[in-house]
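Engineer: Need the 3D shape of this:
(one chain, ligands or ions: 1)
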Amino acid sequence: MLRNDLALNGAKFGCRLAQCGACVVLIDGRAARSCVTMIETVGDSLITTIEGLGAIDKPLPLQRAFMEEQAAQCSYCFYAMIMMAKEILERSATRNPPNATRGMGRQRTCAAAAPMAASFVRSSGRQI
Ligand code: FES
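Structural biologist: Okay, here's the model as predicted:
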C-alpha cells in the first residue's frame, strides 16, 4: 500500500520475509517491517516513512549524520537504516553505538556498518 497506493517509495521491497529490513517504517515510533504488517492491523496508529522525516534540503540531524558519514553501501536499505536508527536512538538511554547498531539486524553486516556506527555517535546527544 505505501509504495503502490501512496507513492511512498522510501521503504523498499526486499525479502518479504521480515528478514532483510529494507521495508522498515515506524508505527507509533516503533520500527516495523512493513512487508509483513497488514494494514488492517495498524488501526489508528501513526505510520512514519522516510518521507515523513526531514527533506533533502533540510535533513534531520540523524539524516545529516548518515550523509556526512556516507553510511550507505548500495543504498537499497539506506532509508530503512535511518528509520531503525531513529527508533533505537529515541529508545536508547545509553545511545551506545555498538549496542545501537546491534539492534539494526542484518544491516550491521553491511559494508556501511562502520560509518553507520559513526552516524550514531554524531547523533548522540543531539536532537534526532
Ligand atoms: S522486505 Fe525484507 S524485511 Fe520486509
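
Engineer: alpha carbons only for contacts and neighbour counts from here, please
Structural biologist: OK.

Engineer: ranges for the helices of the protein?
Structural biologist: Applying DSSP state H to the chain gives helices spanning 61-68, 78-91, 97-102, 113-123.

Engineer: Which one of these lies nearest to Ala11?
Structural biologist: With Cα to Cα, the closest approach to Ala11 among these belongs to helix 78-91: 6.4 Å.

Engineer: related to what we said a few turns ago, any chance of the helices of the chain in a markdown table, plus mean pLDDT and mean neighbour count?
Structural biologist: Converted to a markdown table, those look like this (pLDDT from 0 to 100; neighbours: other Cα atoms under 10 Å):
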| stretch | mean pLDDT | mean neighbour count |
| --- | --- | --- |
| helix 61-68 | 87 | 20 |
| helix 78-91 | 86 | 23 |
| helix 97-102 | 56 | 18 |
| helix 113-123 | 72 | 22 |
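
Engineer: how about the spatially most central residue of the chain, what does it touch?
Structural biologist: In the chain, the centroid-proximal residue (Cα atoms, centre = their mean) is Met83; its distance is 2.0 Å. Counting by Cα atoms under 8 Å, 6 or more residues apart in numbering, Met83 makes contact with 24-26, 31, 49-50.

Engineer: Thanks a lot, see you next time.
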